[in-house]
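**Q** this one's structure only:
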């Protein structure tokens with residue numbers, strides 16, 4: 001009997017990490033969204049059992065999504081944040097059940113580039129993905145959310161960019177090696193949510209005095225393909241690395 005969806009498990013485990021196992025669940029893929037497929041068939045009720053920590057978006061790119069402590073939040077204009085409804089759907093989301101393997105404390109982080117550079121030095125295996133949780137008090141955050149568009153590469157679609165000052169919260173993110181660019185956004189991808197769950201956004205820049213950075217290596221990726229007519233008929237082409245990077249700027 002045919003299943004309603006296809007699942008592809010990519011096993012990325014190394015022998016010295018078999019005692020620890022972290023699976024990343026992903027529905028959809030960025031290549032499809034860059035090709036104009038912005039509707040998925042998986043609801044947030046169905047995602048509930050797939051993890052408690054992650055990020056993604058909503059059908060029609062109706063804002064961006066951040067998942068923390070098992071709850072899904074929609075990032076709206078100027079970072080206004082609401083709980084996602086169980087029947088809402090997503091064309092792309094990534095989730096893990098987060099359990100850190102290690103953590104570091106950082107002081108006086110001037111900007112996002114400095115933060116990424118420090119994290120780079122702590123990623124001991126750069127051939128596998130990482131889930132990264134960053135908690136702290138932020139002096140400044142430059143954030144973004146995206147409003148509805150037909151495809152991610154569309155140039156004339158408004159992006160809402162805004163700043164937050166003196167706010168505490170959590171960065172939810174992942175790092176992927178470049179060789180997985182057809183599967184996931186390469187490099188770092190962070191979404192922020194405030195401790196009171198009222199403000200959030202895709203992180204463009206930051207400044208902070210004290211941060212705790214927790215890491216977890218991902219050794220398995222479980223990929224669910226959408227089972228929709230639009231996805232079946234779409235001509236999905238992987239964009240270039242430059243296109244990926246421009247979408248995250």
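**A** Structure's in. What do you need? Please read all numbers here as calculations on a predicted model, not as lab measurements.
**Q** which non-adjacent residue is nearest residue 228?
**A** With Cβ to Cβ, 6 or more residues apart in numbering as the measure, residue 41 is the residue that lies nearest to residue 228, at 5.2 Å, once sequence neighbours are left out. The way it works is simple: take the backbone N, C-alpha and C, and place the C-beta from them, glycine included.
**Q** From residue 98, how far off is that neighbour?
**A** Applying Cβ to Cβ, to the nearest Å, one obtains 25 Å for the distance of residue 41 from residue 98.
**Q** do residue 236 as well
**A** Separation of residue 236 from residue 98 (Cβ to Cβ): 30 Å.
**Q** Neighbour count: these two, which is higher?
**A** Set residue 236 next to residue 98 and count neighbours by other Cβ atoms under 10 Å: residue 98 wins out with 19 against 14.
**Q** Residue 218 is in contact with that one, correct?
**A** No: between residue 98 and residue 218 there is no contact, the gap being 10.5 Å when judged by Cβ atoms under 8 Å.
**Q** which residues do those two both contact?
**A** Both residue 98 and residue 218 are contacted by residue 131, under the criterion Cβ atoms under 8 Å, 6 or more residues apart in numbering.
**Q** which is the next helix or strand following the worst-scoring helix or strand of the chain on mean pLDDT?
**A** Considering only helices and strands, the least confidently modelled element of the chain by mean pLDDT, DSSP states H and E is strand 7-11, at a mean of 43. Next along the chain after strand 7-11, taking DSSP states H and E as the criterion, comes strand 23-27.
**Q** what residues does that following strand touch?
**A** Outside strand 23-27, the residues within contact range by Cβ under 8 Å, 6+ apart are 40, 42, 47, 50-51, 56, 90-97, 129, 131, 174, 183-184, 218-224, 226.
**Q** Show the buried residues in those residues.
**A** Of all these considered here, the ones buried according to neighbour count by 16 or more other Cβ atoms under 10 Å are 40, 42, 47, 50-51, 56, 90-97, 129, 131, 174, 183-184, 218-221, 223-224, 226.
**Q** Quick one: the helices in this protein, in order.
**A** In order along the chain, the chain carries the following helices (DSSP state H): 30-34, 44-47, 112-120, 229-233, 241-248.
**Q** neighbours of the spatially closest residue to residue 111 that is not a sequence neighbour, just the number please.
**A** The spatially closest residue to residue 111, leaving aside those adjacent along the chain, is residue 205, at 5.7 Å (Cβ to Cβ, 6+ apart). Other residues near residue 205 come to 14 when the count uses other Cβ under 10 Å.
**Q** try residue 127
**A** Counted with other Cβ under 10 Å, residues neighbouring residue 127 total 10.
**Q** From residue 51, how far off is it?
**A** With Cβ to Cβ as the criterion, residue 127 and residue 51 are 22 Å apart.
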